[in-house]
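Trainee: My questions concern the predicted model and sequence given below.
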Protein chains: 4
Amino acid sequence: MTAHAITMLGTGLIGDFYTNTLHGQRGQDRVRVVYSRSEERGKAFRERWGIPESTTDMATAINHPDTDVVVVGVPNFLHEEAVGLAAKAGKAVLCTKPLGRTADEAKRILELVERAGVFGGYLEDLCYTPKTLKAVRAVEAGAVGDVTWVRSREAHPGPHSAWFWDGRLTGGGAIIDLGCHCIEIIRNFVGKGNRPVEVMCTTDTLVHPIDDEDNAIALIRFESGAIGQFEVSWTFRGGMDLRDEVAGTHGTIWLNHFLRTGFEMFSAGGGGGYVAEKAESATGWLFPVGDEVSELGYIDMFSDMFDALESGREPRETFYDGYVVNAVMDAAYRSAKSRFWEAVELDEWRGGATNRIAKTMESHEGQIIIKREVLPDGRTKLILKDPASGDFTDRIVAG
Amino acid sequence: MTAHAITMLGTGLIGDFYTNTLHGQRGQDRVRVVYSRSEERGKAFRERWGIPESTTDMATAINHPDTDVVVVGVPNFLHEEAVGLAAKAGKAVLCTKPLGRTADEAKRILELVERAGVFGGYLEDLCYTPKTLKAVRAVEAGAVGDVTWVRSREAHPGPHSAWFWDGRLTGGGAIIDLGCHCIEIIRNFVGKGNRPVEVMCTTDTLVHPIDDEDNAIALIRFESGAIGQFEVSWTFRGGMDLRDEVAGTHGTIWLNHFLRTGFEMFSAGGGGGYVAEKAESATGWLFPVGDEVSELGYIDMFSDMFDALESGREPRETFYDGYVVNAVMDAAYRSAKSRFWEAVELDEWRGGATNRIAKTMESHEGQIIIKREVLPDGRTKLILKDPASGDFTDRIVAG
Amino acid sequence: MTAHAITMLGTGLIGDFYTNTLHGQRGQDRVRVVYSRSEERGKAFRERWGIPESTTDMATAINHPDTDVVVVGVPNFLHEEAVGLAAKAGKAVLCTKPLGRTADEAKRILELVERAGVFGGYLEDLCYTPKTLKAVRAVEAGAVGDVTWVRSREAHPGPHSAWFWDGRLTGGGAIIDLGCHCIEIIRNFVGKGNRPVEVMCTTDTLVHPIDDEDNAIALIRFESGAIGQFEVSWTFRGGMDLRDEVAGTHGTIWLNHFLRTGFEMFSAGGGGGYVAEKAESATGWLFPVGDEVSELGYIDMFSDMFDALESGREPRETFYDGYVVNAVMDAAYRSAKSRFWEAVELDEWRGGATNRIAKTMESHEGQIIIKREVLPDGRTKLILKDPASGDFTDRIVAG
Amino acid sequence: MTAHAITMLGTGLIGDFYTNTLHGQRGQDRVRVVYSRSEERGKAFRERWGIPESTTDMATAINHPDTDVVVVGVPNFLHEEAVGLAAKAGKAVLCTKPLGRTADEAKRILELVERAGVFGGYLEDLCYTPKTLKAVRAVEAGAVGDVTWVRSREAHPGPHSAWFWDGRLTGGGAIIDLGCHCIEIIRNFVGKGNRPVEVMCTTDTLVHPIDDEDNAIALIRFESGAIGQFEVSWTFRGGMDLRDEVAGTHGTIWLNHFLRTGFEMFSAGGGGGYVAEKAESATGWLFPVGDEVSELGYIDMFSDMFDALESGREPRETFYDGYVVNAVMDAAYRSAKSRFWEAVELDEWRGGATNRIAKTMESHEGQIIIKREVLPDGRTKLILKDPASGDFTDRIVAG
């Protein structure tokens, strides 16, 4: 294992989360220099995290002679510039979500690292939460059979920083901010090789006086027939709602990452302080999480990135994945406007072909078995369909 | 209060649930005669519930001189005939869900009772669960502000009786069986006077070798801008998943009616027996409900029906509601086929007009306030939008 | 079924719950006359529930010519007088918990009804919650094997009415108010025939400036070896905590009756109103229950009482049970004072003898099997004990 | 930060958990040599974790020239020997729980490190779970007021390794195995400076054919009046039950570390594999945890240990804490035998004195306020006690 010296771009909430993770526990990697547009914020960040240097010049930070990895945590509209400089410097570059504001931009960003031959990692933390990693392994091991449906929901009362609200800088509203997480979580569960074919999306601006969507719901149809469903909102009340559900032909998974994780506290007040990201109150029933950087996936994400970098393999989440996510979001925005199902347009599909979810076809005395049900007395009730007439009947058979 | 003598049509699972409810606790109403197509099942049902008579002739049952109320619990394709006979007999008629196989059929059924001037009640039990009733009251009292989104989910491994699987007899698959519940739950939360405008739906037949859908997801747009979302499935694994979620501008409601209600049991085996409707196992971790007829709304439903009948008022769930539900399902089926948003076609809309969900518009020194956030130090962070430039900024102000 | 006309004694919270239950749903029983010490409260109660008459004379209420059942809902110190009058009037008498302030008093109350030959029912609602009834049936069917331990917990911030706080009127503090529930729940799970042998209890007055205990924890040893554990508190913060846990040799049961029942609501305020008994707030995350009279057992309790009365059988909860509960509470109070395990003193034990919880004794090649564990590869790991040396070893064997 | 080279003693489940943690994520510390009594197990462990050397000689491992830290993960009866050798070698020593089999042994172990002046850390992982750390911080910040009661429960179907079952090697049964965790969790919540005064404990051997207890419940009275309650069992069915509850004068905390953490999976079978420590099945409803080494506290524990070592401060959990835990367990065993409350005997108390939990004493017009309750109409109901007569009354006052 090699200790890495990092150029950190950006000093917002995400910069704090990233640096907290990198400097946490017994980790050997350290941020060496931080870039901020504001000298003041750069200095405060440097002092907060014990970082040797800060600068207001992005290129200087990226080209710092002692760093080998660049972490991009600046607003979306700066990703392309930042990745370009890092690629030019020949350094590994890890970029926060979403990769671009559009699939076109994401494609150019992808090409920047691929042409330069540098390591590119897509910092999609929520695909790395310990629960998600274990659940994905269970799905891959067949614990739920073929995946038929994945719901990924991320909702909270709206972002902390002003620039998130400005679609000119970000590329959109709640979809760009939160949908990117959901789409990639869904892809992990249905299989990364399972091509997203088309999207139906509806958006609205219900509560906030902004131009972009503060609510969106979308359905994504994959090649296997599986449906991904995301629900994102900047108008949710009660904290940060982060839940995923997976249905399969042989099982079910429910994940709750934030508001119901086995930590429940009632306080009549008097001992306030930070409860959790996006918590709305410090009294009444509260639902903190144990260790946010772990529960939100940051620790496993950076471990995977650096281990991949060192062993010469791809990380779990690549710039190509980021591009696919942007392509799905583009289709979602098109659909919200056209009100039709819109095709996911990908210049290049690197996954393979995926078979349709398999229907089981068993028969009993020439009839198709529709369902088996074990009765309390141990016998089995069959629901049967006559292939000729199409009529349905019940039959009770021994065990 | 008057004791009612009831004609029960049908001896399936729903007939059992209804009679269990009517004959349960200290209730004074009794089933006087039961109709079944099968003499054997009629006799067994009669003995099971202590009912004086059974018959295989529907008209005889309906015209029984001692009964004043007819409960229709026969398969969907018989609803129109049954309601017609009851209307002709001048008796109050309570019909199970869905009212019809299509909106046209439902409309004819509605007209049968309205023309005859008899009392018609739509037996939509899940709108009467104690949780739903209390949650709807909370919403009506303003506890969550304006409703922006309602999710209603009903999923299980598929129905118990053969006829449910035959779309010719029922009108469809999982939508007709389960979606009707969800639609009416959603209407209760967004407000019955809030017109359902259009529907986008996707369906598939993923697991069972049948012609109708075993999975469907739909979005319903209401006049206020609220979105209703239903997810129905006959392929869910793990029991019966009955959950509703309501988001509002000032609050959130999560209801879980079946699998997580505060009753959790692990059994290594040995003391089996009935766990709950659609439970898949009698060992391992099990999640029974306390009293199914109460938790599923049957008790409050019949109380409302008889009380409405006696006091001359409408019940909470009317045949007109059943017609609206069928119209929404029709639009869902059309949309699943056309892949477009389809209008909900109603010959007559008895609700009024509903205002658009209200955006709050506050300003601070000429800037639009996008969000307020109380900081740990007691001060407030404002996210502001300049109405001229469209630029967003942060500002920290005193509490 | 016969309709009953009831004399209701008492107009406090419990009188409201009882009458709400009796007059609720489609029930045929009605309160005919209500007694209150205060004319004003009697009148208000009468009007609230549509009761024909109220009186401030207890004997008049009890001897009312039209009533056949007397429900005792007055403070503890009046139970003996009330039951005595009802017994003398030859009427069925249903008495709220606890039966007496001490076992001696409870014994006299028991004798009053038994000597008069009238029906006596002990109104212990929490043994009748739908969850408890179903869980007890599962235990009786063997689903969890032999019961080894039962925890019953009831805790809230303290009672609503002044008299509850006066040990002279009630017989004690949180044990008398809440422990009586827990003890009888525990007895239902370990088996009513399983004699409570001794009790160890600790009490304290931690928060409220009163003389009686506001917190108590007790362990009850039963003849089978099972341990019952109750935790009662008048200082709990967060609402009303009503939970039971059952451990058995083959299974586990967890019941949550109030704060986590699948109904979760966040309200930023604005639509207040009643949330649930002992709720502390109307904003933030709230946990209402669906239908309190059902969830708290009142409906099933009265159904059992009247059905027992009509069919000439004993109700599930008898005055003798009330006496046993008081005897256990007496032992708890003695133990809290002496700090020793104290015997449960019963003049008469009507249950039988109960066998000790059975240890399973299997062997493998002359060694005692302590534990079996199925390994991921399908083989079984045995932990074995050598009967001669007392040494323990592992062994892996085929499936 | 300094990278540490570790001597690992022991290759059982705990050795795996420790090494998994040390070698996990981006940590810089590495196990350099492992000791096992069995050459075969040593070799397998070495290969499993990429460790350079293994040995069957404990002293050789401890005296290895390249290591600076010794981690003691051998059975209890070897702790004293191992710590003695490490102390003699002048190395930092981290010892698994329990420190000793008795307080006497623990005292000698404590003195070994203190006399040698080496760093000693008590590896009590469950005091380091992210949830516990955050909950303890909330309690210290006053979020729940004065702590009145802590329940800590650890229960599972029994240990995996043979030696755990042999009280001669361990010092006891479920108390020594699991109670040590609970006691130290309780101390963290009531405050480490809050002296444990006395213990009442009951034990039994209910299911397994062994000599030591497979079930125990104990109450610990602290100087402040707070009660700690632990429940430990080797007969629990359903997995590993790890829950803590804290009650305070102003709040409540509920922690669930294992079976209900927001990860719920139903599998009809077919994709087995490891679910979680002590899981009983790979089908049906399963409740895995995300990342066990994180959720069980191992990561934060080693971070604290090494950071303390490097900065010259004490770790959160010291050998003295281990000694206190053993003293409480000794008292528990004495109490289980004597059936009395038994004093906790400590040769030396390093905490200070703790005040009694404070009763609030407010008055209203010369009456003592027992309770305030906000009514739905905004007014406040006071329950008052007359200091002269001791009588209680209600009064409604303006908000």
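Mentor: That came through, no problem. Given the structure is predicted, the values throughout are model-derived calculations rather than measurements.
Trainee: backbone phi and psi for whatever residue of the stretch 1-150 of chain A ends up closest to chain B, please?
Mentor: Residue nearest to chain B within the stretch 1-150 of chain A: residue A:148 (5.2 Å; CB to the nearest CB). From N, CA and C alone the C-beta is placed, and that goes for glycine too. Phi and psi for residue A:148, reported as degrees, to the nearest 10, are phi -110, psi -30.
Trainee: Equivalent analysis for residue A:131, please.
Mentor: phi -70, psi -40.
Trainee: who does the host helix or strand of residue A:369 pair up with?
Mentor: Using DSSP states H and E, residue A:369 falls within strand A:367-374. Applying DSSP bridges, strand A:367-374 is found paired with strand A:363-364 (antiparallel), strand A:380-385 (antiparallel).
Trainee: Determine how far it lies from the middle of the whole chain.
Mentor: Counting by CA atoms, centre = their mean, to the nearest Å, strand A:367-374 is centred 39 Å from the centre of its parent chain.
Trainee: For residue D:263, see how far away residue A:231 is.
Mentor: To residue D:263, residue A:231 is 20 Å away according to CB to CB, to the nearest Å.
Trainee: er, residue A:94 I mean
Mentor: Here the criterion is CB to CB. By it, residue A:94 lies 27 Å from residue D:263.
Trainee: same question, residue A:193
Mentor: 25 Å.
Trainee: Neighbour count: those two, which is higher?
Mentor: Neighbour comparison, residue A:193 and residue D:263: the larger count goes to residue D:263, with 26 against 14 (by other CB atoms under 10 Å in any protein chain shown).
Trainee: got a list of what the more buried one touches?
Mentor: Going by CB atoms under 8 Å, 6 or more residues apart in numbering or on different chains, residue D:263 touches A:131, A:134-135, A:253-256, D:287-290.
Trainee: Wait, the residue of the stretch 1-150 of chain A closest to chain B touches residue A:250, no?
Mentor: No - look at residue A:148 against residue A:250 with CB atoms under 8 Å: they stay out of range, at 10.2 Å.
Trainee: Who has more neighbours out of these two?
Mentor: Taking neighbours as other CB under 10 Å, residue A:148 and residue A:250 compare with residue A:148 leading, 25 against 19.
Trainee: now the strands for the stretch 1-150 of chain A?
Mentor: With DSSP state E, counting those that start in this stretch as the definition, the stretch 1-150 of chain A shows strands at residue ranges A:5-9, A:30-35, A:53-55, A:69-72, A:92-96, A:120-123, A:147-155.
Trainee: what are the C-alpha coordinates of the first one, in PDB please?
Mentor: Going back to what we said before, that points to strand A:5-9. In PDB, the C-alpha atoms belonging to strand A:5-9 read as follows (Å, rounded to 0.1, in the frame of the first residue of the first chain):
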ATOM      1  CA  ALA A   5      -0.700  13.000  -1.200                       C
ATOM      2  CA  ILE A   6      -3.800  14.700  -2.500                       C
ATOM      3  CA  THR A   7      -4.800  17.900  -4.100                       C
ATOM      4  CA  MET A   8      -8.300  18.700  -2.900                       C
ATOM      5  CA  LEU A   9     -10.400  21.000  -5.100                       C
END
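Trainee: what sits up against that strand?
Mentor: A:15, A:18-19, A:22, A:29-35, A:51, A:58, A:61-62, A:64, A:66-74, A:78, A:82, A:86, A:91.
Trainee: switch the cut-off to 6 Å
Mentor: Outside of strand A:5-9, the residues that reach it under the criterion CB atoms under 6 Å, 6 or more residues apart in numbering or on different chains are A:15, A:31-35, A:61-62, A:64, A:66-67, A:69-74, A:82.
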